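Student: only geometry, no sequence info:
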Ligand code: 8YV
C-alpha cells in the first residue's frame with residue numbers, strides 16, 4: 001500500500017482535529033503550542049508533504065525556497081493568507097488552501113462588539129470598576145456616543161463585511177461601504193447599503209469605519225495618514241481584519257491628538273507587539289487577535305483543513321484553493 005503523506009502542523013489544534021489527522025495521515029503535531037522558529041519552519045517544509053500553518057507562521061519566499069520537492073500542499077488554518085507568499089508557492093507548484101466561511105459570523109460579531117465597546121467606552125468603564133475607582137453614578141461621566149442613527153462605513157464588503165452590516169442594521173446604523181467591486185444589487189438592497197466608489201469620500205462622512213478587507217499588496221496602508229485625516233474627529237475606527245491595512249502610527253498620533261475619537265482593535269501591524277502609545281490611551285479597546293476565537297469556529301476551521309488535505313491527497317482539487325490571482 002502507498003505510504004501515508006506526512007502532514008506537519010505548526011500549532012496545537014483542537015483535540016478532535018488532531019485525532020482525525022492522526023487517523024488519516026502520518027502527522028507531526030506541535031504539542032507545545034509555541035510558534036515554530038524560522039529554522040524549525042525550514043525543517044518542516046523540507047520534510048512535509050503537507051504543511052498546516054497558521055497566521056503566526058511567515059511562509060515567505062526564503063522559507064519556500066528551502067522546501068523539499070515533495071511539499072505540494074499548504075493547508076492553512078485560517079482565512080487570511082497574507083502570511084504566505086502565494087506567487088512563490090505557485091511557481092513551485094504548491095497548492096494553497098484556507099478556511100473561508102466558517103469564521104464569518106464570529107468575526108462579524110467581534111467587529112460589532114468592538115463598535116459597541118468603543119462607542120460606549122466599555123473598556124474605560126471596566127478599568128474604572130476593576131481599579132476600585134468608581135465612586136458612583138454621575139450624570140456627566142462615562143458618556144459615549146449613541147449608535148442609533150449614525151453611519152457605518154465598511155471597508156471590504158465580503159462575507160464578513162456583509163455579516164457585520166446585518167448586525168449593524170439591528171443597532172440602527174446606516175450602512176455604507178467601499179469595495180473593489182460593487183456587490184450584487186440584491187444584497188445591496190437587502191442591507192440597504194450605499195456604495196462609495198471613492199474611499200476618500202466615504203471616509204469623510206462616516207461616524208464609524210470598520211475594516212473588513214484582506215491584507216494584500218493593494219490594501220497595505222489603505223487607511224493611510226492622508227486618508228485617516230479625511231475622517232471626522234468624532235469618528236471611531238474598528239479593525240478585526242489585519243493591522244497592516246491601517247497606518248498604525250498615523251492612527252495612534254491622531255487618537256492622541258483627539259483627531260479621531262476612538263478605536264477598537266483586534267489586530268495590529270506588528271503582532272504580538274503593541275505600540276506602547278496605544279496602551280496609554282483610554283479611548284481604545286484592545287483585543288489579542290481573537291475575532292474568530294470560538295470553540296465551534298476552531299473545530300470547523302480544523303474540519304475545513306481536513307477536507308482540503310483529504311481531497312488533495314485523494315487526487316482531487318481541494319475546495320478552498322487560494323489563487324494568487326484572487327488578489
Ligand atoms: C485566525 C484569522 O486566528 O482566519 C484568519 O484570517 O486571522 C484568524 O481567524 C488565524 O488566521 C489562524 O491562522
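Tutor: Yep, that arrived. On a predicted model such as this, the values are computed, not experimentally measured, just so you know.

Student: mind checking which helix or strand residue 93 is in?
Tutor: Using DSSP states H and E, residue 93 sits in no helix or strand.

Student: And for it, the neighbour number?
Tutor: Neighbourhood size, residue 93 [other C-beta atoms under 10 Å]: 9. Every residue, glycine included, has its C-beta placed from N, CA and C.

Student: likewise residue 19?
Tutor: Neighbours of residue 19 (other C-beta under 10 Å): 12.

Student: Is it correct that it falls within a strand?
Tutor: No: membership of residue 19 in a strand is not supported by DSSP: H, G, I helix; E, B strand; the rest coil, which gives helix.

Student: pLDDT score for it?
Tutor: Note on residue 19: pLDDT of 98.

Student: Report the separation between it and the ligand.
Tutor: 20 Å (C-beta to the nearest ligand atom, to the nearest Å).

Student: before we move on, what about residue 131?
Tutor: 31 Å.

Student: What of residue 221?
Tutor: Taken as C-beta to the nearest ligand atom, the span from residue 221 to the ligand is 18 Å.

Student: Now that residue: closest residue in space, sequence neighbours ignored.
Tutor: Using C-beta to C-beta, 6 or more residues apart in numbering and skipping residues adjacent in sequence, the residue nearest residue 221 is residue 247, 4.7 Å away.

Student: since we're on the closest residue to residue 20 other than its chain neighbours, how many residues are nearby?
Tutor: Leaving aside its chain neighbours, residue 20 sits nearest to residue 306 (5.8 Å; criterion: C-beta to C-beta, 6+ apart). Residue 306 is flanked by 21 other residues according to other C-beta under 10 Å.

Student: residues in contact with the residue of the chain found nearest the ligand?
Tutor: Here the chain gets closest to the ligand at one residue, residue 78, 2.2 Å apart by C-beta to the nearest ligand atom. By C-beta atoms under 8 Å, 6 or more residues apart in numbering, the residues touching residue 78 are 54-55, 98-99, 103, 292, 301.

Student: who touches whatever helix or strand the residue nearest to residue 20 lives in?
Tutor: Taking DSSP H and E as the definition, residue 306 sits inside helix 295-313. Contact with helix 295-313 is made by 5, 7, 13-14, 16-17, 20-21, 24-25, 50, 52, 72-73, 75-78, 95, 97, 99-103, 106, 292, 317-320, as judged by C-beta under 8 Å, 6+ apart.

Student: Do a quick rundown of the helices in the stretch 1-150 of the chain.
Tutor: 15-24, 38-47, 61-64, 86-91, 104-119, 122-130 (DSSP state H, counting those that start in this stretch).
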